[in-house]
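Novice: could you work out the structure for the sequence below:
(chains A and B)
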Amino acid sequence: MASPALQLLTSTAIFSAPLVLGGLGALTSERSGVINIGIEGKMLFAAWAAALGGWASGNPIVGLLAAVLAATVISQAHWALTQAFRIDHVISGMGLNAIAAGATSMLNKSVLSRFAGTRAAALPLPFFWVGAVLATVAVAYVLNQTRGGLRLSAVGHDPEKARQVGLKPVAVRFRALLATGLLAGLAGSLLVSNAGGFTDNMTSGRGYIALAAVILGGWRPWPTLAACVLFGFADALQLQLQGTGLWGAALPPEAWQCLPYVATLVALMAKWGGTKAPAGLGRF
Amino acid sequence: MNLKLVWLIVAGAGLVWAVVASTGTPPPDALREMFSGAFGSPQGWRETLKESTPLLVLGASVFLALKAGLFNIGADGQFVVGGLAAAVVGLRVTGPGGVVLGTLAACLAGSAWALLPGWIKAYRGGHEVITTIMMNNVGRLATTALAAGVLRAPGQQNAETPLLDASTTLPNVVQDGAFRLNWAFFIGLVAVVVTALFFSRTVAGFETAATGSNSRASLFAGIDVRRTTLAAMLVSGAVAGLAGALQVFAVKHQFNADFSPGYGFDALGVALLAAGQAWFVIPSALLFGALARGTSALSIMGVPKGLNGVLLGLVVLVFAAVRYRKEAANG
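Specialist: Sure, this is the predicted structure:
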């Protein structure tokens, strides 16, 4: 049996990594001006595809690629809905989430049920942990140091001015959402690696928590990672503390499960990062 | 009708076709079964109207907030805590008085659940979508803990309260063979009518709608935008709490852990589909009620209920593509 401290550290890594990958996915699209409440649905679809790929082929790489492909398709659908159809970003994101939750639940019963009882092939967890850190390095570098990243930020900050200097916001956002698809795909694949298969609604709101982390992190990569680790730690802590009372009173497990949500609310109340939103969020 | 929209509808229909076909049921059969499940029999109508009732009230709730420029995703949590409050009061005060007091308690509870998101939005600038989703999670966990703990019915394994006394329930208006219609449905209609009158006849309603359509202009016109935002959220929460009370007194007669199958999200669809016209909440609640009933009838044929979410999402997307495109072109 590992020591409690080590256990806490491991579960913090387990709980934070999908938030980091999903959060960075949300970050790349939000910095380009596309509100990404739909990250939840992208991660969920990616998880379904990762399970299908992993089970059907027995090859973890195929599972990963399937997840990235699925998340990319949904991500570019989101691009089309917000940029070509010009649907409100929150509405289209919620619509995609509803479709993803419903469709993956149906496809789980009809397509995946035959694999029940076995483990879907997936890459080991440490691969994703290293991946999450490398992804943060990469996103921070691309956003702050490269021409493409600065263009992305410019479009997200003020699409009208960006247009006047010759950038095409719609095209820049297309590339930003490709990055979102890649990162959401990694996040979904990680969830399958952790659970060994797909269950209905297995993201269970992690996409929303990841988005909250982006907001707390002021839409910057490293602070976003820090916020994700904080939420992951709250989650790990609730797992560790379950069954423990407080000041002698027995507490139901739900009280500890509330921790990450309450942490989010407190952080938003304290207005951490709240003023650094890309000015062009949701605009054309 | 433009070409892009045709593409969207074709893609949506293709998606529905594919997911239904994957379950082994031919899509045309599924469609027929859905329709007859919702409208083909007295039981079908009964269930459709029963499913529509919370959507009417929650639709009015989300509509109110939407008019003020707020996405009240939290209607679901406000509905759940309202239901719990109604059950707690109804179990202690029996008779019609219990129904009235329970309903008031539910409105207060719903409002309380909207307070924090409303305040954070108005005074801290935190997006209400994130905060209401967090409040939904906390509400679901807190009410489950209570229903499984101190409020659990004696000798019961599941997380549910005891049943209310028959005198502490809302009666049916019509009871004809398999068809039933509860007073709750009419209370829901009244909620929509009051919402419509609020926006068309009162100063507060005008100010709320003005804040929602252009908060900067409203600020310059002398409207207290922050107060209006907070007030809209509180009223929206109270109406969602009312929906919870109606569900307890008319349908469930108790509170249990699976109190809401996601009505709050359906209500968002209802309110969006109403497109700024409060009266349209009525037909759109009926549409989503019929969809919910139709897909649950279909689940007997082995088509999972997830279809409801797919259809809901698609209806919202197609509709938003038609409506919000126009708005983008205007401003």
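Novice: ok, residue 84 - how many residues close by?
Specialist: If you meant another chain, say so; for now it's chain A. By other Cβ atoms under 10 Å in any protein chain shown, the residues close to residue A:84 number 14. Glycine gets a C-beta too; all of them are placed from N, C-alpha and C.
Novice: let me rephrase: I mean chain B.
Specialist: Neighbours of residue B:84 under the rule other Cβ under 10 Å: 27.
Novice: part of a helix, is it?
Specialist: Yes. For residue B:84, which was evaluated using DSSP: H, G, I helix; E, B strand; the rest coil, the result is membership in a helix.
Novice: ok, now how distant is it from chain A?
Specialist: Residue B:84 sits 13 Å away from chain A when distances are taken as Cβ to the nearest Cβ, to the nearest Å.
Novice: quick one: contacts for that residue?
Specialist: B:109, B:143, B:146, B:147, B:151, B:244, B:255, B:259 (Cβ atoms under 8 Å, 6 or more residues apart in numbering or on different chains).
Novice: ok, and the closest non-adjacent residue to the third one?
Specialist: Okay, so that is residue B:146. Distances taken as Cβ to Cβ, 6 or more residues apart in numbering or on different chains put residue B:84 closest to residue B:146, at 6.6 Å, once the chain neighbours are dropped.
Novice: show me where the stretch 51-200 of chain B has its strands.
Specialist: Secondary structure of the stretch 51-200 of chain B, counting by DSSP state E, counting those that start in this stretch: strands at B:172-176, B:179-182.
Novice: partners of the last one, with directions?
Specialist: Under the criterion DSSP bridges, strand B:179-182 sits next to strand B:172-176 (antiparallel) in its sheet.
Novice: list the buried residues for the partner strand?
Specialist: residue B:172 (16 or more other Cβ atoms under 10 Å in any protein chain shown).
Novice: show me the contact partners of it.
Specialist: Contacts of strand B:172-176 with the rest of the structure, by Cβ under 8 Å, 6+ apart, involve B:42, B:180, B:181, B:182, B:183, B:185, B:186.
Novice: show me the strands in the stretch 51-200 of chain A, by range?
Specialist: In the stretch 51-200 of chain A, no strands are found when defined by DSSP E, counting those that start in this stretch.
Novice: point me to the residue of it nearest chain B.
Specialist: Distance from chain B to each residue of the stretch 51-200 of chain A (Cβ to the nearest Cβ) is smallest for residue A:102, at 2.6 Å.
Novice: that residue contacts residue B:303, doesn't it?
Specialist: No. Look at residue A:102 against residue B:303 with Cβ atoms under 8 Å: they stay out of range, at 11.2 Å.
Novice: quick one: residue A:27 from chain B, how far?
Specialist: The value you get for residue A:27 to chain B, if Cβ to the nearest Cβ is used, is 14 Å.
Novice: what number of residues lie near that residue?
Specialist: Per other Cβ under 10 Å, the neighbour tally for residue A:27 reads 32.
Novice: return the nearest residue of the stretch 201-331 of chain B with respect to chain A.
Specialist: Using Cβ to the nearest Cβ, the point where the stretch 201-331 of chain B gets nearest to chain A is residue B:309, with a distance of 2.6 Å.
Novice: can you pull the pLDDT of that residue?
Specialist: At residue B:309, the pLDDT value in this model is 91.
Novice: any buried residues in the helix or strand encompassing it, and which?
Specialist: When elements are assigned from DSSP states H and E, residue B:309 belongs to helix B:306-330. The neighbour-count check on helix B:306-330 (16+ other Cβ under 10 Å) flags B:306-325 as buried.
Novice: now the helices for the stretch 1-150 of chain B?
Specialist: Remark: helices of the stretch 1-150 of chain B, listed N- to C-terminal, are B:3-22, B:27-39, B:42-67, B:75-92, B:96-119, B:128-148; assignment by DSSP state H, counting those that start in this stretch.
Novice: now the second one against helix B:42-67, angle please.
Specialist: Put plainly, it is helix B:27-39. Helix B:27-39 and helix B:42-67 meet at an angle of 90 degrees, taking axes from the mean of the first three to the mean of the last three Cα atoms, to 10 degrees as the criterion.
Novice: what's the angle from helix B:27-39 to helix B:306-330?
Specialist: 90 degrees.
Novice: may I have helix B:27-39 exported as PDB, CA atoms only?
Specialist: Extracted C-alpha coordinates of helix B:27-39, given in PDB (Å, rounded to 0.1, in the frame of the first residue of the first chain):
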ATOM      1  CA  PRO B  27     -35.500   5.000 -38.900                       C
ATOM      2  CA  PRO B  28     -39.000   5.400 -40.600                       C
ATOM      3  CA  ASP B  29     -40.500   2.900 -38.200                       C
ATOM      4  CA  ALA B  30     -38.800   4.700 -35.300                       C
ATOM      5  CA  LEU B  31     -40.300   8.000 -36.500                       C
ATOM      6  CA  ARG B  32     -43.800   6.500 -36.700                       C
ATOM      7  CA  GLU B  33     -43.500   4.900 -33.300                       C
ATOM      8  CA  MET B  34     -42.300   8.200 -31.800                       C
ATOM      9  CA  PHE B  35     -45.300  10.000 -33.200                       C
ATOM     10  CA  SER B  36     -47.900   7.500 -32.200                       C
ATOM     11  CA  GLY B  37     -46.200   7.200 -28.800                       C
ATOM     12  CA  ALA B  38     -46.700  10.900 -28.100                       C
ATOM     13  CA  PHE B  39     -50.100  11.500 -29.800                       C
END
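Novice: which strands or helices does it pack on?
Specialist: When contacts are defined as 3 or more Cβ pairs under 8 Å, 6 or more residues apart in numbering or on different chains; DSSP states H and E, helix B:27-39 sits against helix B:3-22, helix B:42-67, helix B:281-298.
Novice: for those, which one sits closest to residue B:223?
Specialist: With Cβ to Cβ as the criterion, residue B:223 lies closest to helix B:42-67 of the helices and strands packed on helix B:27-39, at 13.7 Å.
Novice: quick check: mean pLDDT across the closest one?
Specialist: Average pLDDT, helix B:42-67: 95.
Novice: from the chain's centre, how far out does that helix sit?
Specialist: Distance, stretch centre to chain centre, for helix B:42-67: 6 Å (Cα atoms, centre = their mean, to the nearest Å).
Novice: just stretch A:62-77 next, same as before
Specialist: If you compare the mean C-alpha spot of stretch A:62-77 with that of the full chain, they lie 13 Å apart, counting by Cα atoms, centre = their mean.
Novice: and for stretch A:191-211?
Specialist: Stretch A:191-211 sits 9 Å away from the centroid of its parent chain (Cα atoms, centre = their mean).
Novice: kindly report the same for stretch A:82-95.
Specialist: For stretch A:82-95, the distance between its averaged C-alpha position and the chain's averaged C-alpha position is 18 Å (Cα atoms, centre = their mean).
Novice: how about it against chain B, any contact?
Specialist: Yes. Judged by Cβ under 8 Å from any Cβ of the partner chain, stretch A:82-95 comes into contact with chain B through A:84, A:85, A:86, A:87, A:88, A:90, A:91, A:92, A:94, A:95.
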